[in-house]
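**Q** with the input below, show me the fold.
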Amino acid sequence: MQDQEPFAFRLYVAGDTPNSLQARRHLTVLCESHLPGRHRVEIVDVFLEPEQALADGIFLTPILVKLSPMPVQRIVGTLAQLEVVLQTLGLAQAVAP
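**A** Down below sits the predicted model:
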């Protein structure tokens, strides 16, 4: 699995709101438990970078975008339902033993 393309995520949040904090925590757990050493995460705070959020078509938060490997996938919410998140982002097959 060392030769696989790393997963690249961009998480759009709205400051330190409760939902944004939950999404950050859940993404950290997901990456550490299912993609150790095989991920890159960029956090975009829409309060601090509104131009980037608008340019990327982000109108609500939190939203997670899987940039790679292709296809690009998006999921809105706190990422609390791990199995649903894994399946939606196409990770369920990638991390299966």
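**Q** any chance you could map the strands in the chain?
**A** With DSSP state E as the criterion, the chain has strands at 7-13, 39-45, 63-68, 73-76.
**Q** and those: which comes nearest Gly90?
**A** In terms of CB to CB, the element of the strands of the chain nearest to Gly90 is strand 73-76, at 6.0 Å. For the C-beta atoms, the positions are set from N, CA and C on the backbone; glycine is no exception.
**Q** off-centre distance for the closest one?
**A** Relative to the centre of its chain, strand 73-76 is centred 8 Å away, using CA atoms, centre = their mean, to the nearest Å.
**Q** pLDDT below threshold where in the protein?
**A** 1-3, 93-97 (pLDDT under 70).
**Q** ok, now with 90
**A** 1-5, 87-97 (pLDDT under 90).
**Q** check contacts around the most centrally placed residue in the chain.
**A** Closest residue to the average C-alpha location of the chain: Leu64 at 3.7 Å, with CA atoms, centre = their mean. Neighbour list for Leu64: Phe9, Arg10, Leu11, Tyr12, Ala23, Leu27, Arg74, Ile75, Val76, Leu79, Val85, Leu89 [criterion: CB atoms under 8 Å, 6 or more residues apart in numbering].
**Q** re earlier: and the strands of the chain as a markdown table, adding distance to Ser33?
**A** Written out in a markdown table, the entries for those read as follows (distance: least, CB to CB, whole Å):
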| stretch | distance to Ser33 |
| --- | --- |
| strand 7-13 | 13 |
| strand 39-45 | 11 |
| strand 63-68 | 16 |
| strand 73-76 | 17 |
